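A.B. asks: Please work out how this folds:
(one chain, ligands or ions: 2)
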Amino acid sequence: EEEKQFRNIFRQIAGDDMEINAEELRNVLNNVVKKHKDLKTEGFELESCRSMIALMDTDGSGKINFDEFRHLWDKIKSWQKIFKHYDTDHSGTINSYEMRNAVNDAGFRLNNQLYDIITMRYADKNMNIDFDSFICCFVRLDAMFRAFHAFDKDGDGIIKLNVLEWLQLTMYA
Ligand SMILES: O=C(O)[C@@H](S)Cc1ccc(I)cc1
Ligand SMILES: [Ca+2]
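C.D. replies: Numbers count the residues shown, from 1 in each chain. Ligands and ions are numbered 1, 2, ... in the order given. The predicted structure is shown next:
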């Protein structure tokens with residue numbers, strides 16, 4: 001039943017082509033997020049949605065189909081719980097200290113330099129990360145780890161890419 005309901009929601013968002021583009025993704029994310037007073041955001045930007053589409057577009061169609069959307073939606077649902085859990089002062093944002101714990105709780109193993117990079121890239125001038133930035137960061141982290149493991153066939157933690165393969169990975173993200 002839940003599955004059928006979800007498929008209907010998807011159909012409404014995706015329209016005739018049964019794929020979700022960046023604008024459709026932006027509309028659904030902004031409609032849902034405004035129902036959550038504990039998730040501070042100025043709204044998901046189109047550019048962020050283009051990036052999330054690129055990161056989740058496993059079949060290279062340029063848009064996200066039902067499966068790709070369901071994967072994204074399940075991730076966002078679990079990551080919004082983590083966001084709320086670590087927003088200990090209920091500011092609706094995550095500070096750089098809370099971010100470290102949130103990243104760890106989501107299962108990403110990083111190093112100190114990467115925590116600083118994430119804060120530099122996603123935090124505002126007060127070192128706080130709002131919800132849309134948080135989600136964009138996690139979608140990118142998740143996709144980049146997955147891309148690396150897809151290339152790391154023998155699992156030795158080393159991948160070998162030529163420059164065009166590297167550009168294919170980094171330019172569509
Ligand atoms: O589905 C919902 O409204 C809650 S449970 C989870 C959620 C919250 C925010 C977003 I954007 C997407 C999903
Ligand atoms: Ca796709």
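A.B. asks: Find the centremost residue of the chain, please.
C.D. replies: residue 139 (2.2 Å; Cα atoms, centre = their mean).
A.B. asks: ok, it touching residue 72?
C.D. replies: Yes - in this structure residue 139 lies within contact range of residue 72 using Cβ atoms under 8 Å: 7.2 Å. All C-beta spots, glycine's among them, are computed from the backbone N, C-alpha and C.
A.B. asks: So residue 32 versus residue 80, what's the distance?
C.D. replies: Using Cβ to Cβ, to the nearest Å, one obtains 9 Å as the distance from residue 32 to residue 80.
A.B. asks: One more: residue 10?
C.D. replies: Distance from residue 10 to residue 80, by Cβ to Cβ: 19 Å.
A.B. asks: Tell me which stretches of the protein form helices.
C.D. replies: Secondary structure of the chain, counting by DSSP state H: helices at 2-14, 22-33, 46-56, 66-86, 96-105, 112-122, 131-151, 163-171.
A.B. asks: Of all those, which one is nearest residue 157?
C.D. replies: Proximity of the helices of the chain to residue 157 was assessed by Cβ to Cβ; the nearest stretch is helix 131-151, lying at 8.8 Å.
A.B. asks: Tell me if the closest one is near ligand 2.
C.D. replies: No - under the criterion of Cβ under 5 Å from the ion, ligand 2 is not reached by helix 131-151; the shortest gap measures 12.9 Å.
A.B. asks: Show me what that helix is in contact with.
C.D. replies: Among residues not part of helix 131-151, those counted as contacts by Cβ atoms under 8 Å, 6 or more residues apart in numbering are 29, 33, 36, 39-45, 48, 51-52, 55-56, 72, 75-76, 79-80, 83, 92-94, 99, 102-103, 106, 108, 118, 121-123, 129, 155, 159, 161, 169, 173.
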